[in-house]
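Student: Sequence and predicted structure, then a few things I'm wondering about:
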Amino acid sequence: WEPPDDNSSSLQQVQSTRDYLFLSVLEHVRTRLLLWQRTATDGWVRLGDNSGSCAPVGETVHILNENNFDDQNSNAVFVIREGYLTPETLTYLPDAAELALLRATASSLPPLYSQPHTFDSTNLVCEQHFCTSRDGTRVPYTLLRPTSNHTHTSIQHGQSHPPTLIQFYGGFGTSLLPAYSTSLGRCWLSDGHIYIIGHIRGGGEYPHWHTAALHNRTVSLEDAEAIARDIVARNVTCVTRLACTGKSHGGYTVGNLLGRSLNEGSASQLFGAMVIQDGVLDMEKYHRYLAGSSWMGEYGNPDDPEEWQDIRRTSPYHVLGDVDQTTPTPTRTDWSPKVLVTAVTRDDRVHPLHSRTFVARLNELALTRVQNRGLASALANAKDVYYWEDVNGSGHRTSSDTEALKYAFLKRMLNVTCEK
């Protein structure tokens, strides 16, 4: 197997049994399995369609042989499937050749074990779409929405656009793959809201995706903005009911989107609300906090004057400091999105100082705007900037309380009438 010339596929997994070899390939963020069988002369022959078997949109597949320490005694495998709308299931296949019939396998063989369904996904569908970024790159995103005959309650009351939330990450070569989430299903999807996963550059969804943004973080942000614009252009929702969220490096991404939207003459209004969770926000000092020094291969060395010039351009804390506080634009004046920033006091990876100082600068910006411009700036309103720090939590994880707070915040802030 070789990656195609269009870089549409990346190798995710190689696994073998006594007589079979199979590859798991991520093709346009969909799992595709390719299977070979050993011949009597120790050659290999491809089984099934040359293109392999592709999992449905919004599902992912992992394969384990029966004995990971000795793959020469058996052809049996375990198939682990999971999706945004499907909890994790474990299926046993006595013969790995059945992997060539991936779709049939899912329905014809009962799983050995399945996680419980924690929300009703009957009236939900998962779709894949593409948009075009500023430099012409096609960027995929996954959309979870109600079926056409199951509309959101706000639509039934005359508001034509449901609240919509986009998740961003875009770093460390990490792919945003399908995973079942009880909190997402019960707190967001079950209410008829729309959820979108943006597969922006910096991640690992394509072979070149990570390196494309490694020394040019701006392309990740332009990808995110392109997804937001495409969603509005396709009339999925409107700006005032569109929000974005990101955790850790995803918080870095959303923090930059906020700074770009507040900078006069930069990005236009794209989001009605933003949630930054445990974000890496101060890029001048990130390497001095906790595990930050281990990320220098990703972000660079801010102690190097030349590198710092590049790093600073997408340091969310410093981008806020560049906001012009005196001159209103003719189209946006004092607009700003509603913002929730969360942190964990005993986070062992991203220090809460990132979030604390970022919020302090947001508040400073709001006060300065009012003093210099005499405007009732949206940021000056205490109802528009929220900070939550989990003092009881530990580690780099999100507590159920914080998740509940996030969705409650978004429902309240996006429950507004759409503006054309």
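Tutor: Good, I have the coordinates.
Student: Now do Arg145, the pLDDT please.
Tutor: In this model, Arg145 is scored at 96, pLDDT.
Student: helix or strand for His129, which one?
Tutor: Using DSSP states H and E, His129 sits in strand 124-132.
Student: Can I get that strand as PDB, trimmed to CA atoms?
Tutor: Presented in PDB, the C-alpha positions along strand 124-132 are these (Å, rounded to 0.1, in the frame of the first residue of the first chain):
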ATOM      1  CA  LEU A 124     -30.100  11.800  14.500                       C
ATOM      2  CA  VAL A 125     -27.900  11.500  11.400                       C
ATOM      3  CA  CYS A 126     -24.200  12.000  10.800                       C
ATOM      4  CA  GLU A 127     -23.000  13.700   7.600                       C
ATOM      5  CA  GLN A 128     -19.600  14.700   6.100                       C
ATOM      6  CA  HIS A 129     -19.100  18.000   4.300                       C
ATOM      7  CA  PHE A 130     -16.200  19.900   2.900                       C
ATOM      8  CA  CYS A 131     -15.500  23.600   2.600                       C
ATOM      9  CA  THR A 132     -12.700  25.600   1.000                       C
END
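Student: got the buried residues for that strand?
Tutor: For strand 124-132, burial by neighbour count (16 or more other CB atoms under 10 Å) applies to 124, 126, 131. C-beta: built from backbone N, CA, C; applies to glycine.
Student: and of the residues you listed, the nearest to Gly170?
Tutor: Cys131 (14.5 Å; CB to CB).
Student: Gly43 - how many residues pack around it?
Tutor: Using other CB atoms under 10 Å, Gly43 has 9 neighbouring residues.
Student: For Glu59, see how far away it is.
Tutor: To Glu59, Gly43 is 33 Å away according to CB to CB, to the nearest Å.
Student: before we move on, what about Asn75?
Tutor: 24 Å.
Student: returning to that earlier point: could I get the buried residues of strand 124-132 in TSV, plus columns for distance to Leu281 and pLDDT?
Tutor: Below are the buried residues of strand 124-132 laid out as TSV (distance: CB to CB, whole Å; pLDDT from 0 to 100):
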residue	distance to Leu281	pLDDT
Leu124	34	96
Cys126	32	96
Cys131	27	98
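Student: ranges for the strands of the stretch 301-420 of the chain?
Tutor: Secondary structure of the stretch 301-420 of the chain by DSSP state E, counting those that start in this stretch: the strands cover 338-346, 385-394.
Student: hey, least reliable of those by pLDDT?
Tutor: Out of those, strand 385-394 stands lowest, with a mean of 86 (criterion: mean pLDDT).
Student: which of the residues in it are buried?
Tutor: Neighbour-count burial for strand 385-394 [16+ other CB under 10 Å]: 385-390, 393.
Student: Stretch 15-31 too?
Tutor: In stretch 15-31, counting by 16+ other CB under 10 Å, buried: 15-17, 20-31.
Student: buried sites along stretch 172-192?
Tutor: For stretch 172-192, by 16+ other CB under 10 Å, it's 172, 174-178, 180-181, 183-185, 187-190, 192.
Student: tell me the mean pLDDT over that stretch?
Tutor: 94.
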